[in-house]
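Asker: For reference, the sequence and a predicted model appear below.
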Amino acid sequence: MISLLNNSGIVVNIWFIVSLDTGLACGWMIKPYCLTDDDAEKFEMLKLLAETDFYTAKRYRVPKNYKVAHSAESLEGLFHVSAIKNELETKIDFYITTLEKDMPEMILFPYDDDKRRFLN
């Protein structure tokens, strides 16, 4: 987490779009928050927000270089639901970097004392 204020940080809710019929993921959604409190309280808040977040979360397709064998075919832009845990453990930087590219630009304001602070 990125520390912004005392005991606050950027946290995210992330979901994968999975077919219940095939168990294949074709996309993912992510929504960031700046929350305070300890990690357990942040996690509880994310669980509450998840109930409605998916309506407004940014959506992405699984990259085409992901391939899965299904019914004797090789399908692009998919992976099996059984790979989600490994996906997050090994490629979390990909998801965070993708999110960061779509976040609003932070505008810096130069103060007279030559320190830079964020404008919100």
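Answerer: Yep, it's here.
Asker: Of all the residues in the host helix or strand of residue 17, which ones are buried?
Answerer: Secondary structure assigned from DSSP states H and E places residue 17 in strand 9-18. Within strand 9-18, the residues that count as buried by 16 or more other C-beta atoms under 10 Å are 9-16, 18. Where C-beta positions appear, they are placed from N, C-alpha and C, glycine not excepted.
Asker: Show me which pair in those residues is furthest apart.
Answerer: 9 and 18 (28.1 Å; C-beta to C-beta).
Asker: give me the low-pLDDT residue ranges for this protein?
Answerer: Low-confidence regions of the chain, defined by pLDDT under 70, span residues 1-7, 108-120.
Asker: quick one: secondary structure of the most centrally placed residue in it?
Answerer: Centroid check for the chain by C-alpha atoms, centre = their mean gives residue 30 as the closest residue, at 3.6 Å. Of the three states, residue 30 takes strand under DSSP: H, G, I helix; E, B strand; the rest coil.
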